[in-house]
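**Student:** next input, structure requested:
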Amino acid sequence: QVQLVESGGGLVQAGGSLRLSCTASGRTLSNYAMGWFRQAPGNKREFVATISRSADFTLYSSSVKTRFTISRDNAKNTVYLQMNSLKPEDTAVYYCAASSLSRARVTLTSDYAYWGQGTQVTVSS
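**Tutor:** All right, here's what the predicted structure looks like:
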């Protein structure tokens with residue numbers, strides 16, 4: 001079992017930045033591909049970014065590519081999501097998730113077995 005805890009969310013003005021963190025306990029994070037998803041009220045949970053176990057592969061949704069950066073520090077059992085140039089449409093609850101699948105391209109919610117509780121990001125216009 002992996003327990004995931006997100007932090008770093010908050011209220012920010014449009015154009016601002018936030019860095020989300022996701023810290024794991026229970027098992028070492030290096031065993032998992034990691035992903036970030038988000039869910040706005042009334043919407044389905046959507047893929048934001050993923051990073052492979054050794055950080056040699058990353059993938060982003062088209063809506064955040066060039067603005068967001070996913071990274072990981074396996075020694076700290078932590079994954080990050082640096083969010084720059086934030087827009088009001090980025091407002092959502094952000095979730096980190098861990099996948100034990102061997103392929104690198106893991107973009108579906110069903111690809112992930114473990115989820116954090118989420119952290120709220122609100123971008124004001």
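
**Student:** state the distance from the spatially most central residue of the chain to Ser125.
**Tutor:** Centroid-nearest residue in the chain, with CA atoms, centre = their mean: Trp36, separated by 2.2 Å. Remark: distance between Trp36 and Ser125 (CB to CB, to the nearest Å) = 23 Å. The C-beta positions use only the backbone N, C-alpha and C, and glycine is treated the same way.

**Student:** quick check, the residue nearest to the centre of the chain in contact with Ile70.
**Tutor:** Yes: counting by CB atoms under 8 Å, Trp36 touches Ile70, with 6.3 Å between them.

**Student:** okay, and the common contacts of these two?
**Tutor:** By CB atoms under 8 Å, 6 or more residues apart in numbering, Trp36 and Ile70 have these common neighbours: Ala49, Thr50, Val79, Leu81.

**Student:** ok, the nearest residue to Gln1 once chain neighbours are set aside - contacts?
**Tutor:** In this structure, Gln1 finds its nearest non-sequential neighbour in Gly26, 5.0 Å apart by CB to CB, 6 or more residues apart in numbering. The contact partners of Gly26, by CB under 8 Å, 6+ apart, come to Gln1, Val2, Gln3.

**Student:** now go through the residues you listed and say which are in strands.
**Tutor:** Counting by DSSP state E, the contacts of Gly26 place Gln3 in strands.

**Student:** just put the contacts of Gly26 in CSV and tack on distance to Thr119, neighbour count and pLDDT.
**Tutor:** Output for the contacts of Gly26, formatted as CSV (distance: CB to CB, whole Å; neighbours: other CB atoms under 10 Å; pLDDT from 0 to 100):
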residue, distance to Thr119, neighbour count, pLDDT
Gln1, 21, 7, 85
Val2, 17, 19, 92
Gln3, 15, 13, 96
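
**Student:** and which of the contacts of Gly26 is nearest Asn31?
**Tutor:** Val2 (8.3 Å; CB to CB).

**Student:** coming back round to it: quick check, pLDDT for the residue nearest to the centre of the chain.
**Tutor:** You'll see Trp36 listed with a pLDDT of 98.

**Student:** who does it bridge with?
**Tutor:** Ala49, Cys96 (DSSP bridges).

**Student:** which ones are touching it?
**Tutor:** Counting by CB under 8 Å, 6+ apart, Trp36 touches Leu20, Cys22, Val48, Ala49, Thr50, Ile70, Val79, Leu81, Tyr94, Tyr95, Cys96, Ala97.

**Student:** okay then, goodbye and thanks.
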